[in-house]
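1. could you look at this predicted model? Sequence included:
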Amino acid sequence: MNIREELAAEHSISTTNAIVEYIGTDAARFKDLVDIFLGDEYRPTQRAAWPLSYCIQLHPELVKPYLTKFIAQLERDGVHDAVKRNVARLLQYVEIPEKLRGRVFDLCLKLVDDPSEPAAVRVFAMTVAERIGHNEPELLSELGLIVDKHADTATTAFRKRAEIVLGRRFDPRT
């Protein structure tokens with residue numbers, strides 16, 4: 001299978017599933033997908049994001065050689081929302097190494113705190129931040145302060161994820 005050609009032909013769940021199945025746990029095939037995702041071409045990058053996140057959800061070990069590159073995508077200006085959404089989504093499924101946790105936590109807080117970010121990016125980032133700060137009350141408190149700051153303008157998705165992540169009711173009227 002030529003992954004680039006498949007992505008160019010159609011953007012659908014069936015194409016995504018076919019690519020994910022083709023890649024399986026094969027590191028070389030996964031690298032081909034990563035190269036497309038990290039490339040400079042808008043449409044292929046956008047279309048590669050979906051199967052990439054599914055591959056990592058199923059086989060999180062595949063991300064190890066690329067984790068810092070994926071994190072860098074969240075730090076870049078002008079990155080397509082699909083790229084940010086899928087990087088934030090895939091970070092939910094991987095163990096963030098200790099040396100990257102502070103960087104990723106700060107990045108996630110920035111995304112959660114930015115109302116111009118799409119709801120999906122913000123809620124995935126909220127989950128990643130919670131996973132990093134799970135055993136550190138001061139980090140969870142910081143996340144809670146940022147979430148509460150957006151109580152009046154939060155989308156339903158943001159509020160529901162906040163309730164799940166923070167383990168408490170998120171009521172914009174309080």
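-> Yep, it's here.
2. what is the rounded mean pLDDT of the helix or strand Arg161 falls within?
-> In this assignment (DSSP states H and E), Arg161 forms part of helix 156-166. Mean per-residue pLDDT for helix 156-166: 87.
3. domains in this protein, as residue ranges please.
-> Domain assignment for the chain by automatic domain parsing gives 1-95, 97-174.
4. low-scoring stretches of the protein, by residue?
-> For the chain, applying pLDDT under 70 flags the ranges 169-174.
5. list the contacts of the spatially most central residue of it.
-> Relative to the mean C-alpha position of the chain, the nearest C-alpha, by Cα atoms, centre = their mean, is the one of Ala88, at 1.3 Å. By Cβ atoms under 8 Å, 6 or more residues apart in numbering, Ala88 lies in contact with 74, 108, 111, 120-121, 124-125, 128. Quick note: C-beta positions are derived from backbone N, CA and C, even for glycine.
6. and which of the residues you listed is nearest Glu10?
-> Glu10 lies nearest to Ala120 out of the contacts of Ala88, by Cβ to Cβ, at 22.1 Å.
7. circling back: out of the contacts of Ala88, who has the most neighbours?
-> Top of those by neighbour number is Ala125, holding 31 neighbours under the definition other Cβ atoms under 10 Å.
8. I'd say it and Asp106 touch.
-> No. Contact criterion Cβ atoms under 8 Å: Ala125 and Asp106 do not qualify, at 10.8 Å.
9. picking that back up, nearest spatial neighbour of the residue nearest to the centre of the chain, chain-adjacent residues omitted?
-> Among residues not flanking Ala88 along the chain, Phe124 sits closest, at 3.6 Å (Cβ to Cβ, 6 or more residues apart in numbering).
10. close enough to count as contact, the one you found and Tyr93?
-> No. Between Phe124 and Tyr93 there is no contact under Cβ under 8 Å: 10.4 Å.
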